[in-house]
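*Asks:* Structure for the following, please:
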Amino acid sequence: MDSSAAPRTEPRQESLARPPASQGRKGLLRYPVVRQLIRFTGVGLVCTATSLALYALFRPWMGPQLANASALIITSLMNTALNRRLTFKITGNWKRTRDHVNGLIVIAVALVITGGSLGILHALRPEATLSEDLWTTTLSGFVATGVRFTLLRHWIFRRARHV
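*Replies:* Sure thing, here's the model as predicted:
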């Protein structure tokens, strides 16, 4: 009987060990920060669309500043939860409350950036339209997003920076 045809009864040693997370990835995907930025961008797109929709819904009744603040606060809880789970791969209840409280501090920074840009827009153009408001909050939101990612990665979720 040919020994190559017989089934192997002992496992191969190399199949038992898991390779490091970065092994097997090519190009830029071998860097944890790049993978996190990709996941963060996906979360950001969902949260930005939600925030803009809430802003457009709230603005007629609340005015631009309160509508912006309301939309940001509502979506910040969703954003922190999604980034915690998807971007930084943190599961379970450990430090969840602290992460959300810190996330609210980070969103306050975003609120200053986007609210400040709306304040400048309305100081320069008191008759600004909803469309101009949305463009202003979107563009200033890009700046706030960069600040948010940096704070999430290096402060709130630093325990999971290399996933």
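
*Asks:* Now do the strands in the chain.
*Replies:* Here the chain has no strands by DSSP state E.

*Asks:* in the lengthiest helix in it, what counts as buried?
*Replies:* Selection of the longest helix in the chain by residue count, based on DSSP state H, yields helix 32-62. Using 16 or more other C-beta atoms under 10 Å as the test for burial, helix 32-62 gives 32, 35-37, 39-40, 43-44, 47-48, 51-52, 54-55, 58-59. (Each C-beta comes from the backbone N, C-alpha and C, glycine too.)

*Asks:* residues contacting the spatially most central residue of the chain?
*Replies:* Nearest to the geometric centre of the chain sits residue 40, at 3.9 Å (C-alpha atoms, centre = their mean). Listed by C-beta atoms under 8 Å, 6 or more residues apart in numbering, the contact set of residue 40 reads 83, 87, 149, 152.

*Asks:* what about it, distance to residue 62?
*Replies:* Distance of residue 40 to residue 62, computed by C-beta to C-beta, to the nearest Å: 29 Å.

*Asks:* Would you mind measuring from residue 94 to residue 105?
*Replies:* Here the criterion is C-beta to C-beta. By it, residue 94 lies 19 Å from residue 105.

*Asks:* so where's the protein uncertain?
*Replies:* Counting by pLDDT under 70, the chain has low-confidence residues at 1-24, 159-163.

*Asks:* Kindly recompute the last result at 50.
*Replies:* 6-19 (pLDDT under 50).

*Asks:* What's the separation between residue 131 and residue 101?
*Replies:* Remark: distance between residue 131 and residue 101 (C-beta to C-beta) = 35 Å.

*Asks:* oh sorry, the question was meant for residue 84
*Replies:* Distance, residue 84 to residue 101, by C-beta to C-beta: 13 Å.

*Asks:* Who has more neighbours out of the two?
*Replies:* Neighbours were counted for residue 84 and for residue 101 using other C-beta atoms under 10 Å; residue 84 has more, 23 against 11.

*Asks:* Lovely, talk soon.
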